[in-house]
Every structure is written in C-alpha cells, then in structure tokens.
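Q: mind folding the following:
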Amino acid sequence: QQALKNPKIGRLPVELGIPELADIDDQDLEEEADVKTSMDGKAVQLAIELLAHGYAKRHVSGDFNFKVTGAEINVSDGRVLSATCQLTFTIPPEACNTSGAMFGGNVPCITDIITTCLLIAADVKSKGEWVYSTTMALNSEFVRPSRADEEVIIQTGIEKYGKIMIFTYADYFLKGEDDRPNPRTGLYSCNLDRLLYRTRHQKYVTKLRLQREMIPTNRAKAIWDKLLVLLGKSKLPVERKSNTSTILRSKL
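A: Modelled structure (predicted):
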C-alpha cells in the first residue's frame, strides 16, 4: 500500500496499465514517517499486485481489487528459500451465486492466480527469468461461505521450492469490521475461527524459461521490463517520471 502511494515510485499510465518507476533513493524513503517495510519488500508487494490484477482481469468475474498488505521473498545463490504474501480483497456481487455466497469455483481460480504471481515474483527476484510451471494438484477445503461485499484476507506462501516440484498454499480468512493492521508490519492477524477456505497448490517446474525475445507483444515486453526493474534484476531507463502522490487503483 505504501509503495503504491509513494510519489517516488510514480504514477500508472493508462495506456500501458503498468507503473512507471522513478529513481528511488533509499535514504529518502527511510525518512518517510509512514514507511514500515524495506524498499525491497515494497517492490515485491507492487510486483505481485501488478501481476494479480492482470491475471484476475482475464480469469475471474468481477473486480476483486487485490491489495497486497505485505510480501517477503528470501533468496540465496539463485535459490528461493521462502516466500510469503498477504492480500486483501472485497467480494464483488458479480462473483456470487443466487444465494448471495461467493461461487466456490472462484476459490481455486484465485488460489492459482495468487500463488502463480508469487512464484513469478520469486523467480524473477532469484533468477531474473520466469520459470514456467504447470499445476499438478490444487486442493480446496470449504470451511464456511463468504458473501458479497465481505472483506477477505489471503495468507499465501511457498512451502517448498524443489528442483521439479513447488508446493504452495493459500488460506482465506474473513476480515472483521474491527480488524486493524499491525502498525509495525502493516499485516492483519489471521484467526482460525474466521477461516473460510484452505487451499494447497502443487506445481511442476518445466524446463522452459521465459526470455524477453520470446514475449510476443510490446505491451507484454514493457510489463516484463518493469518487473525486472522492480525486483532488482535490471536498471532499465524510465521514459517518464511523475510527482503524483496517489495512484488510481482502478487503472491497474
């Protein structure tokens, strides 16, 4: 959230649908009173949110308006050691069935989107490339229903990143009216008594690696370039800079 609001990251051009990145001065960021996480963490948050909005627009009904509240990816020598992410969203009425509850088919779809976005960010941060993976198993447990306009917290992460298999999870919790994020971390607490859905996503790592010359369109190439910049794998020049202090999330 802080990353999206920070003027040093820039605004979102409508024609590209991706954020323009200004040069970021770490010292200036440390002086901001409302900055609670490292710039590295903010970049990961923005990258995952950018990907999630793009995927959701294609594959699910309604505007889920994913908001990343926190993300962390730990890498060493090109290996992903761990990755976690927390998101929130409001259930749109279009995603609900005739009883007013969210259609159950949205749950595995959202899990696939969120865990895949986390994997992409982890791959780019650790290897500087997009490692293709395909779903082998996706299990969902429906504990209780959720309804239109309710706010949901997703706690997701990579449990194990092996040579040929990746094990991820995504747990869904109902956000209470009085719930407030931790003032230090910006994260919400997830209480088991508010558990909605529990999902596990197992993926097979293919041998295919996405390189820039393989990307078919200029718009997709631009998004790829921005991800590399966000996650510290490139120092590509930025064409335009802006001092706009807010970003309209609807344009994402």
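Q: residues touching stretch 48-60, excluding its own?
A: Stretch 48-60 has contacts (Cβ atoms under 8 Å, 6 or more residues apart in numbering) with 4, 17-19, 64, 66-68, 71, 85, 87, 95, 106, 109-110, 113-114, 116-118, 120-121, 223, 226-227, 230, 252. Where C-beta positions appear, they are placed from N, C-alpha and C, glycine not excepted.
Q: correction: the previous question concerned stretch 121-136.
A: Residues from elsewhere that reach stretch 121-136, judged by Cβ under 8 Å, 6+ apart: 44, 47-48, 51, 71, 73, 75, 78-80, 83, 112, 116, 119-120, 158, 161, 165-166, 201-206, 208-211, 224, 227-228, 231-234.
Q: looking at those residues, which are in strands?
A: 71, 73, 75, 79-80, 83, 158, 161, 165-166, 201-206, 208-210 (DSSP state E).
Q: tell me the spacing between Asp225 and Asp149.
A: According to Cβ to Cβ, to the nearest Å, Asp225 and Asp149 sit 37 Å apart.
Q: looking at the two, which has the bigger crowd around it?
A: Asp225 (18 against 11; other Cβ atoms under 10 Å).
Q: so what pLDDT did that one get?
A: On pLDDT, Asp225 comes in at 79.
Q: please pull out the lowest mean pLDDT helix or strand from the chain.
A: Among the helices and strands of the chain, helix 26-31 carries the lowest confidence by mean pLDDT, DSSP states H and E, at a mean of 37.
Q: correct me, but Ile164 touches Val205?
A: Yes - counting by Cβ atoms under 8 Å, Ile164 does reach Val205; the two are 5.3 Å apart.
Q: those two: which has the busier surroundings?
A: Neighbour count, other Cβ under 10 Å: between Ile164 and Val205, Val205 has more, with 17 against 10.
Q: for the more buried one, give me its contacts.
A: Counted by Cβ under 8 Å, 6+ apart, Val205 has contacts Val131, Tyr132, Ser133, Gly162, Lys163, Ile164, Met165, Ile166.
Q: redo that, cut-off 7 Å
A: Val131, Ser133, Ile164, Met165, Ile166 (Cβ atoms under 7 Å, 6 or more residues apart in numbering).
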